[in-house]
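Trainee: build me a model:
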Amino acid sequence: MVFVNLLSYIIVLVGALNWGLFGIFDFNLVGWIFGGARSVGSIIVYILVAIAAVWLIISPMITGRGLLLSGRREDMHEAADAK
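Mentor: This is a model prediction of the structure:
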């Protein structure tokens, strides 16, 4: 679960960076990389960003605690003991 959380976090940061560039400079980084905002690659990236954002919203609800971004054994043992 730590890997999925970290991957989702990175994907959402890419989406946030793209929105920031679009808002400040009117530059769509994802569209530029994939050759257009409605290209297949861009659409896939937009969908992945949306899925990652939804995962980061529901992940703490599924686990019953905060978002786990560390794989330290102490954190995992504390989570198991809390249940």
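Trainee: quick one: pLDDT of S70?
Mentor: S70 carries a pLDDT value of 73.
Trainee: what comes up buried for the host helix or strand of L13?
Mentor: Secondary structure assignment for L13, by DSSP states H and E: helix 2-25. Buried residues in helix 2-25, counting neighbours by 16 or more other Cβ atoms under 10 Å, are found at N5, S8, I11, V12, G15, N18. The way it works is simple: take the backbone N, C-alpha and C, and place the C-beta from them, glycine included.
Trainee: P60 is in contact with M1, correct?
Mentor: No. M1 lies out of contact with P60 (Cβ atoms under 8 Å); the separation is 11.0 Å.
Trainee: ok, the buried residues of helix 2-25 vs Y46, which is closest?
Mentor: For these, the minimum distance to Y46 (Cβ to Cβ) is 7.8 Å, reached by G15.
Trainee: burial check on the closest residue to that closest one other than its chain neighbours, number of neighbours?
Mentor: Sequence neighbours aside, V49 is the residue nearest to G15 in space, at 3.5 Å (criterion: Cβ to Cβ, 6 or more residues apart in numbering). Residues within reach of V49, counting by other Cβ atoms under 10 Å, total 20.
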